[in-house]
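>>> just to be clear, the model below is a prediction. Sequence and coordinates:
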There are 2 protein chains.
Amino acid sequence: MPKLVDPVERREHIVRAVLRLVAREGFAGASLRNVAAESGLNIGSVRHYFTSHTELVLFAMTSMVERVSARLLGHVEAAAHWERRPLAARRATVQAALEELLPLDEDRHAEVAVFVEFAAAARTDPALAAAARKAAAGTRGFVARLTERYVTTDGMRPGLDPAVEAARLWALLDGVATQAVLQPQLVTAETCRQVLDTHLRSLEATRGT
Amino acid sequence: MPKLVDPVERREHIVRAVLRLVAREGFAGASLRNVAAESGLNIGSVRHYFTSHTELVLFAMTSMVERVSARLLGHVEAAAHWERRPLAARRATVQAALEELLPLDEDRHAEVAVFVEFAAAARTDPALAAAARKAAAGTRGFVARLTERYVTTDGMRPGLDPAVEAARLWALLDGVATQAVLQPQLVTAETCRQVLDTHLRSLEATRGT
DNA sequence: CTGGTTTTATCACAGTCGTGATACGAACGG
DNA sequence: CCGTTCGTATCACGACTGTGATAAAACCAG
């Protein structure tokens, strides 16, 4: 018998309102009163499930990060045993995994926007620093694992340093994703895909000419 | 005879206070009262030189962008006539120019931090949108010009698309610079230099194994 | 029904924000 | 000298913030 109000789902409902507000109006737009209005609840109700505003935004941030992390894990497993597959197939697998971090559709666009807001806010808000650092380290690890796996196989350019290549690819993805969110007129989804594809191909050994 | 108060220098003095505050406390920290306190002036004095808060932050933003742009122009001229110079020297010139965009010292670190704050704020603040778009287009043009000039010479990898390479390099620089500011523990100045150097070298044709 | 917990709702308080209005003094041209 | 402009300073207003306190309503077990 489901209780009339499920506390867990209530919190998720509020979190969704927070993320919607941050994506639409920025970090400062996620005030308690705005969140209450956006979620259709009363301020008192919101405060009943989150003791403070800091806890609310922190929970919303970690909640979103966990959601993305779970999605990434599936792609890592897809690249588990690919030794015998052709190089183009391996590249496609890596590209599909990394595209999870790019704002190629509306949902991921909102995700990246929220992440940019949180990351920027965490620079000057000590309460968010630890969570932001953990999130950044997570995506860096994800990119690094894929890079290492992709680079240390046959058909790659000789002399590639996996650590440096991981940092380079991470910066590239982070940069193009942020640009696509902050300057959508200058950097489109197609730019993102093109840049990533070109980069992955540039890591491979040139056969001809 | 210098007037007792030079309006131009007063505005610059206030702007410096704004940029200091944005770098230290974030975009929201640049309130009129904070700016007045930081600049050692009275709120009324600040309001005497800037009719509104929007005009203040907008002027501070464009002021900083112009300062950086002037610095970049010198580097572009340095790459004007280099056809007869060896490839390593050309790469060093390009690297020195692009390092102007990276937070390799305290000043540039603060600059990038301020720019990140403004760019993020401009996403949801229509008053800043035009200026942010102009600034982004400016740095993109700077990177694109250098890229095109660097890529379309002898000794480069065949089949490079200047437009795509410009977008890729711009995203890389923007990404690593932002990361170094938002996550200084994960991305250091050395990482920035290493990533940029590796990238520029990767554009060159591999001679031997 | 009764009693206790959960949930919702409302008020008040102190703080900050941008801004309009106003006033006082200092500087300067005539 | 006067009068006008410029610079500084201070007040008040309405709007917004997070939060403590409190009360009413809804729920559910005994």
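Looks like it arrived, so ask away.
>>> and the strand or helix carrying residue A:179, what's its mean pLDDT?
When elements are assigned from DSSP states H and E, residue A:179 belongs to helix A:162-182. Mean per-residue pLDDT for helix A:162-182: 98.
>>> elements contacting it?
Contacts defined by 3 or more CB pairs under 8 Å, 6 or more residues apart in numbering or on different chains; DSSP states H and E place helix A:162-182 against helix A:106-124, helix A:126-151, helix A:189-202, helix B:106-124, helix B:126-151, helix B:162-182, helix B:189-202. In this view, the C-beta of every residue, glycine as well, is placed from N, C-alpha and C.
>>> tell me which residues of that helix are tucked away?
Counting neighbours by 16 or more other CB atoms under 10 Å in any protein chain shown, one finds that the buried residues in helix A:162-182 are A:164-182.
>>> any low-confidence regions in chain A?
A:1-5, A:207-209 (pLDDT under 70).
>>> against residue A:11, how distant is whatever residue of it ends up closest to DNA strand C?
Relative to DNA strand C, the nearest point of chain A is residue A:44 (2.0 Å; CB to the nearest atom of the strand). Counting by CB to CB, to the nearest Å, the gap from residue A:44 to residue A:11 is 15 Å.
>>> how's chain A carved up into domains?
Domain assignment for chain A by automatic domain parsing gives A:1-51, A:62-202.
>>> go ahead and flag the most central residue of chain A.
When chain A is reduced to its mean C-alpha position, the closest residue under CA atoms, centre = their mean turns out to be residue A:101, at 4.8 Å.
>>> any idea how far residue B:117 is from the residue lying closest to it once chain neighbours are set aside?
Computed as CB to CB, 6 or more residues apart in numbering or on different chains, the closest residue to residue A:101 that is not its neighbour in sequence is residue A:173, at 5.4 Å. The spacing between residue A:173 and residue B:117, counted by CB to CB, is 22 Å.
>>> before we move on, what about residue A:163?
30 Å.
>>> same thing with residue A:59?
Taking CB to CB, one finds residue A:59 at 24 Å from residue B:117.
>>> please name the nearest non-neighbouring residue to residue A:197.
Take residue A:197 and drop its neighbours on the chain: the residue closest to it by CB to CB, 6+ apart is residue A:95, 6.5 Å away.
>>> that neighbour sits in which helix or strand?
Element membership for residue A:95, per DSSP H and E: helix A:87-98.
>>> what residues does that helix touch?
The contact list for helix A:87-98, computed with CB atoms under 8 Å, 6 or more residues apart in numbering or on different chains, reads A:72, A:75-76, A:78-79, A:82, A:85, A:143, A:146, A:150, A:153-155, A:169, A:173, A:196-197, A:200-201, A:204.
>>> from those, which would you call buried?
A:72, A:75, A:79, A:143, A:146, A:150, A:169, A:173, A:196, A:200, A:204.
>>> pretty sure the last one contacts residue A:154?
No. With the criterion set as CB atoms under 8 Å, residue A:204 and residue A:154 do not qualify as a contacting pair; they are 10.1 Å apart.
>>> packing partners for the helix or strand containing residue A:68?
When elements are assigned from DSSP H and E, residue A:68 belongs to helix A:53-78. If you count contacts as 3+ CB pairs under 8 Å, 6+ apart, helix A:53-78 packs onto helix A:7-25, helix A:32-39, helix A:87-98, helix A:106-124, helix A:126-151.
>>> make it 7 Å
helix A:7-25, helix A:87-98, helix A:106-124, helix A:126-151 (3 or more CB pairs under 7 Å, 6 or more residues apart in numbering or on different chains; DSSP states H and E).
>>> residue A:159 is nearest to which of these?
Smallest distance to residue A:159 across those (CB to CB): 10.6 Å, for helix A:126-151.
>>> does that closest one reach chain B?
Yes. Looking at helix A:126-151 against chain B by CB under 7 Å from any CB of the partner chain, the contacts come from A:133, A:136-137, A:140.
>>> returning to what we had before: residue A:59 and residue B:117: which is more packed in?
The residue with more neighbours, out of residue A:59 and residue B:117, is residue B:117; 26 against 18, by other CB atoms under 10 Å in any protein chain shown.
>>> contacts only, for the more buried one.
Residues in contact with residue B:117, defined by CB atoms under 7 Å, 6 or more residues apart in numbering or on different chains, are A:120, B:22, B:26-27.
>>> ok, now which ones touch the closest residue to it other than its chain neighbours?
Among residues not flanking residue B:117 along the chain, residue B:27 sits closest, at 4.3 Å (CB to CB, 6+ apart). Counting by CB under 7 Å, 6+ apart, residue B:27 touches B:117-118, B:121.
>>> kindly report the residues of chain A close to DNA strand C.
Within chain A, the positions lying close to DNA strand C (CB under 7 Å from any atom of the strand) are A:3, A:5, A:7, A:10, A:41-45, A:47-49.
>>> pull out the buried members of those.
Buried subset of the residues of chain A next to DNA strand C (neighbour count, 16+ other CB under 10 Å): A:10, A:41, A:49.
>>> so the last one touches residue A:11, yeah?
Yes. When contacts are counted by CB atoms under 7 Å, residue A:49 is listed as touching residue A:11 (5.3 Å).
>>> overlap in contacts, those two.
Common contact partners of residue A:49 and residue A:11 (CB under 7 Å, 6+ apart): none.
>>> now stretch A:14-33 - C-alpha only, CSV.
The C-alpha coordinates for stretch A:14-33 follow below in CSV (Å, rounded to 0.1, in the frame of the first residue of the first chain):
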residue,chain,number,x,y,z
ILE,A,14,11.4,19.2,-5.6
VAL,A,15,14.8,18.5,-7.0
ARG,A,16,13.4,18.5,-10.5
ALA,A,17,12.0,21.9,-9.9
VAL,A,18,15.4,23.1,-8.6
LEU,A,19,17.1,21.8,-11.7
ARG,A,20,14.5,23.4,-14.0
LEU,A,21,15.0,26.7,-12.3
VAL,A,22,18.8,26.6,-12.4
ALA,A,23,18.7,25.7,-16.1
ARG,A,24,16.2,28.5,-16.9
GLU,A,25,17.1,31.3,-14.5
GLY,A,26,20.6,30.5,-13.2
PHE,A,27,21.8,29.4,-9.8
ALA,A,28,20.5,32.5,-8.1
GLY,A,29,17.0,31.7,-9.4
ALA,A,30,16.7,28.6,-7.3
SER,A,31,15.5,30.5,-4.2
LEU,A,32,13.2,28.7,-1.7
ARG,A,33,10.2,30.7,-2.8
